[in-house]
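Engineer: any chance you could fold what I've pasted below:
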Amino acid sequence: MKRFLLCLLAAIGGLLGLRAQTHFDSRVDIGVRGGITLSEVMFKPSIIQKFGMGQTYGLTFRYTEENHFGIIAEVNFVQRGWAEKFEDLTYTYQRTLNYIEIPVMSHIYFGRRGKFFFNAGPEVSYYLGDKISSNFDYQNAASMPDFTNRNRRTEQLTMKVSQTLDFGIVAGLGGEFSVNRRNSLSVEARVYYGIGNVMPSGRQDYFSVSNQLSIGVTAGYWFRIK
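Structural biologist: Predicted coordinates:
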């Protein structure tokens, strides 16, 4: 029994010593980020489309309590939407949807001076408005022979966005590189998948599904404040 107690005390002392050696001071960082987005809307019935290009930029906050783990919250302006794909026609149409988005993500990273990280979490977006860029009269597209002869869907060209709030899931991979003890640069590729429908999706509506998919590539600059 005495030998067992001595071994137990030695093990506890070893664990305490290891915890002291691996103690991690919490830190707080704020940052700015900006980049481009490639987006589409996954309609059902499907439409002929391609990724539409937009912009994103915003402010970000990061709290790191444990080694290799932290929490990130952001407030961003982001452009999503889609672009119609015309194979042998000269027409162009892009619908850009503007949002204020607030993601809250877990932040998992590895490394010291140069870090590899993974971010993931839920996101809520508030719809601000949209902009249509087109070189034809899209409001009367159904009467144009080039559209009707090809059985091309045109309902989405003028349909209004029905949901002010959009909920989704976001995940990203990237790297961060220290400039000095308090500042760092980061690059990230991120994917957003919207859970809700953008367009009306009731029983009498044309589209039963119209959720968003967006890919973003951004660069950021971090400032440590604690």
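
Engineer: in its sheet, what does the longest strand belonging to the chain sit against?
Structural biologist: Longest strand in the chain by number of residues (criterion: DSSP state E): strand 114-134. Looking at strand 114-134 with DSSP bridges, its partner strands are strand 93-111 (antiparallel), strand 165-178 (antiparallel).

Engineer: thought Ser106 was touching Ile71?
Structural biologist: Yes. If you go by Cβ atoms under 8 Å, Ser106 and Ile71 touch, sitting 6.5 Å apart. Using the backbone N, CA and C atoms, a C-beta is placed for each residue, glycine as well.

Engineer: what's the helix or strand containing Gly81 packed up against?
Structural biologist: Here Gly81, judged by DSSP states H and E, is contained in strand 69-84. Applying 3 or more Cβ pairs under 8 Å, 6 or more residues apart in numbering; DSSP states H and E, one finds that strand 69-84 makes contact with strand 27-44, strand 49-50, strand 52-66, strand 93-111, strand 114-134, strand 209-224.

Engineer: make JSON lines out of the ones you listed and add mean neighbour count.
Structural biologist: Compiled in JSON lines, the helices and strands packed on strand 69-84 are given as follows (neighbours: other Cβ atoms under 10 Å):
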{"stretch": "strand 27-44", "mean neighbour count": "18"}
{"stretch": "strand 49-50", "mean neighbour count": "16"}
{"stretch": "strand 52-66", "mean neighbour count": "17"}
{"stretch": "strand 93-111", "mean neighbour count": "18"}
{"stretch": "strand 114-134", "mean neighbour count": "15"}
{"stretch": "strand 209-224", "mean neighbour count": "19"}
